[in-house]
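In: Need a 3D model of the sequence below.
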Amino acid sequence: MAVKELTNDNFATVIEQATKPVLVDFWASWCGPCRIMSPIVDEVAEDMAQDLDVYKCNVEENQELAVKFQVMSIPTLILFKHGKPEHTIVGAQQKVVLEDDLRAHL
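Out: This is a model prediction of the structure:
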């Protein structure tokens, strides 16, 4: 499953209508750790497609969402369940560590 873009405009619809947990990767193009995490997030989206949906949110283009969810450092990944933030992961992670962490909160 391809990772989709989450924006100020589609956020509420995506999160509220989700039938499974949603992982949101808050990132920026100038962020080195974000560029490291990007292919890992893509792989997690593929590997865990049955368990969760994965979206990316550019904090420069969607500052309102970054402020709303208190994203102070990037990359920040937030797992939403039932429309609410359930778990936050800050910083670059190895794929196996990220997947284990997510599975513990699904």
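In: Give me the three-state assignment for Val54.
Out: Three-state call for Val54 (DSSP: H, G, I helix; E, B strand; the rest coil): strand.
In: Over to the residue minimising distance to the centre of the chain. Which of the three states is it?
Out: Centrality entry for the chain: nearest residue to the mean C-alpha point is Val24, 1.9 Å, by Cα atoms, centre = their mean. Classification of Val24 using three-state DSSP returns strand.
In: Pull the contacting residues for it.
Out: Contacts here follow Cβ atoms under 8 Å, 6 or more residues apart in numbering; on that basis Val24 touches 6, 54-57, 77-80. For every residue, glycine as well, the C-beta is placed using N, CA and C.
In: That one pairs with what?
Out: Val24 has the following beta-bridge partners by DSSP bridges: Tyr55, Ile78.
In: give the contact list for the closest residue to Pro85 other than its chain neighbours.
Out: Nearest non-adjacent residue to Pro85, counting by Cβ to Cβ, 6 or more residues apart in numbering: Ile78, 5.1 Å away. Shown in contact with Ile78 (Cβ under 8 Å, 6+ apart): 23-24, 26, 69, 71, 85, 87-89.
In: Are any of the residues you listed buried, and if so which?
Out: Buried subset of these (neighbour count, 16 or more other Cβ atoms under 10 Å): 23-24, 26, 69, 71, 87, 89.
In: can you list the residues you listed in JSON lines and add distance to Val14 and pLDDT?
Out: Output for the buried ones among the contacts of Ile78, formatted as JSON lines (distance: Cβ to Cβ, whole Å; pLDDT from 0 to 100):
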{"residue": "Leu23", "distance to Val14": "12", "pLDDT": "97"}
{"residue": "Val24", "distance to Val14": "9", "pLDDT": "97"}
{"residue": "Phe26", "distance to Val14": "14", "pLDDT": "98"}
{"residue": "Phe69", "distance to Val14": "14", "pLDDT": "96"}
{"residue": "Val71", "distance to Val14": "17", "pLDDT": "96"}
{"residue": "His87", "distance to Val14": "18", "pLDDT": "97"}
{"residue": "Ile89", "distance to Val14": "19", "pLDDT": "97"}
